[in-house]
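>>> Generate coordinates for the sequence data below:
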Amino acid sequence: MGRERIIGEDVTFGLTYNGALTTLNVVQAMDFSINTKTLEEGYLGESVNRYDDILEGFSGKVTLHLDSEEAFIVAQAIFQRAQARDPSIKFNITMRATFPNGQTPRVILSDLFFDAIPFNMPKREEYVNVELSFKCSNFTLLA
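As a prediction, this is how the structure comes out:
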């Protein structure tokens with residue numbers, strides 16, 4: 001009997017910069033979160049609290065190994081947008097999962113904004129990597 005769940009090799013990644021797919025595809029790890037906040041309120045005459053939730057956006061982190069100058073070009077574009085030199089620059093992440101049953105949903109996180117971008121050179125015998133920590137307001141599921 002084959003696998004029913006997916007593993008990392010079943011997920012593809014793409015980072016677009018102003019609509020063009022970058023060559024940043026040597027992804028070591030990625031995570032993203034749907035950030036919500038729970039509100040709780042108690043009222044007189046009621047025996048239990050009432051709850052509600054609020055969407056606060058999305059966030060995540062991608063760790064990439066470097067195999068071209070593209071990471072530096074993307075970092076420079078992020079820097080230029082952050083300094084308001086080119087506010088039209090847009091970044092999106094697309095992930096596609098391929099399930100054994102044939103389903104291939106795509107998740108698009110669009111109009112990303114980035115935190116600090118560390119370039120790590122850990123040891124002589126380890127690959128150089130860069131971490132892109134991001135936040136965004138838009139999440140689209142294409143099933």
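
>>> ok, which stretches of the chain are helices?
Assigned by DSSP state H, the helices in the chain fall at 70-82.

>>> In space, what's closest to the spatially most central residue of it - neighbours in sequence excluded?
The chain has residue 60 as the residue nearest its centroid, 4.5 Å off, counting by CA atoms, centre = their mean. With CB to CB, 6 or more residues apart in numbering as the criterion, residue 60 has its nearest non-adjacent residue at 3.2 Å, and that residue is residue 32. (C-beta placed from N, C-alpha, C; glycine too.)

>>> For that neighbour, give its distance to residue 115.
Look at residue 32 and residue 115: by CB to CB, to the nearest Å, they are 14 Å apart.

>>> try residue 49
According to CB to CB, residue 49 stands 34 Å off from residue 115.

>>> Over to residue 63?
As judged by CB to CB, residue 63 and residue 115 stand 14 Å apart.

>>> Tell me which of the two has more neighbours.
For the pair residue 63 and residue 115, the greater number of neighbours falls to residue 63 (17 against 12), based on other CB atoms under 10 Å.

>>> ok, how many other residues are close to the residue nearest to residue 108 when sequence neighbours are not counted?
Among residues not flanking residue 108 along the chain, residue 140 sits closest, at 4.4 Å (CB to CB, 6+ apart). Residue 140: 11 surrounding residues under other CB under 10 Å.

>>> Let me see the confidence value for residue 140.
As predicted, residue 140 sits at a pLDDT of 94.

>>> just residue 1 next, same as before
At residue 1, the model reports a pLDDT of 55.

>>> Check residue 52 too.
Residue-level confidence at residue 52 comes out at 97, pLDDT.

>>> residues contacting it?
Residues counted as contacts of residue 52 (CB atoms under 8 Å, 6 or more residues apart in numbering) are 38-39.
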